[in-house]
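Q: Below is the structure, and that's it, no one-letter string:
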């Protein structure tokens, strides 16, 4: 930071010597002292733990959606269900300086969702395979679905999450019952990223690998399932190459084998059971 005098230098020489000396001392203290813009942000009680994405590339992570939450897992980042996770649990994690990511299904809705009644039948489409009671949403109906999703994001923030990962953000790849096109999904996902940021949440993309190249500038991190098995890890490099974290999981295979590939790409990788309980087998950091 360069501080310019408030008057021309020639005028400063015309000042009395004592005043010039005092001015010099004052400027020196200003330059050496902490500047307001350089201080660590003060996080008020109840606010989300800060999400410095530039640092997150070196973090270990945990993804748990079932079973009793294990807050003692040695991971920097926890990806959790915001409805199932209690404020007491998030407070315990934040007390240990853990970063919290809430997983929100943005492209589908389940009959058991607390806000299910807010989504009219006209925006609910075909059933989601493997998830009884869940149906795809017509993401083209932004004015209808966005208020519901905004409240889901507010729930995350209220519980102390600092980031949100968008699940089911790839309806255009499935039989949703709606004619969703590539560009429809692209527009929806970008709108979601802006909505999350407006609520002080860092946006993350779950899967949707075909759109990674287009969406990486709009998102702070990616969550990927089985890029090794699917042979598509290289498609996630638009995140890794810009030093944005890629939180990656495999459900099969030996970590000693797949870690060589994913850690080489700069991903934070773990092996998990598909139930996504507390068990994990992480890849070592480089």
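A: Received it, and whenever you're ready, just let me know what you need. Given the structure is predicted, the values throughout are model-derived calculations rather than measurements.

Q: C-alpha only now, for contacts and for neighbours.
A: Fine.

Q: What are the contacting residues of stretch 195-206?
A: With C-alpha atoms under 8 Å, 6 or more residues apart in numbering as the test, stretch 195-206 has contacts from 51, 150, 153-154, 157, 161-169, 193, 219-224.

Q: average model confidence for it?
A: For stretch 195-206, mean pLDDT rounds to 96.

Q: what about that stretch, how long is it end to end?
A: The first and final residues of stretch 195-206 sit 16 Å from each other (C-alpha to C-alpha, to the nearest Å).

Q: can you pull the buried residues of it?
A: 195, 196, 200, 201, 202, 203, 204, 205, 206 (16 or more other C-alpha atoms under 10 Å).

Q: Among the residues you listed, name the ones in strands.
A: Applying DSSP state E to the buried residues of stretch 195-206, the entries found in strands are 202, 203, 204, 205, 206.

Q: Filter the contacts of stretch 195-206 down to the buried ones.
A: Neighbour-count burial (16+ other C-alpha under 10 Å) applied to those gives 51, 150, 153-154, 157, 161-169, 193, 219-224.

Q: Mark which of those residues are part of strands, please.
A: Reading strands off the buried ones among the contacts of stretch 195-206 with DSSP E, I get 163, 164, 165, 166, 167, 221, 222, 223, 224.

Q: For the protein, name the helix or strand with the lowest mean pLDDT.
A: Across the helices and strands of the chain, mean confidence by mean pLDDT, DSSP states H and E is lowest for helix 17-32: a mean of 38.

Q: Residues touching the helix or strand following that one, excluding its own?
A: Remark: after helix 17-32, the chain's next helix or strand is strand 61-63, criterion DSSP states H and E. Outside strand 61-63, the residues within contact range by C-alpha under 8 Å, 6+ apart are 73, 75-80, 247, 268-270, 276-278, 280.

Q: what about 6 Å?
A: Strand 61-63 is contacted by residues 75, 76, 77, 78, 79 when judged by C-alpha atoms under 6 Å, 6 or more residues apart in numbering.

Q: just stretch 231-239 next, same as before
A: Taking C-alpha under 6 Å, 6+ apart as the rule, stretch 231-239 contacts 213, 216, 227.
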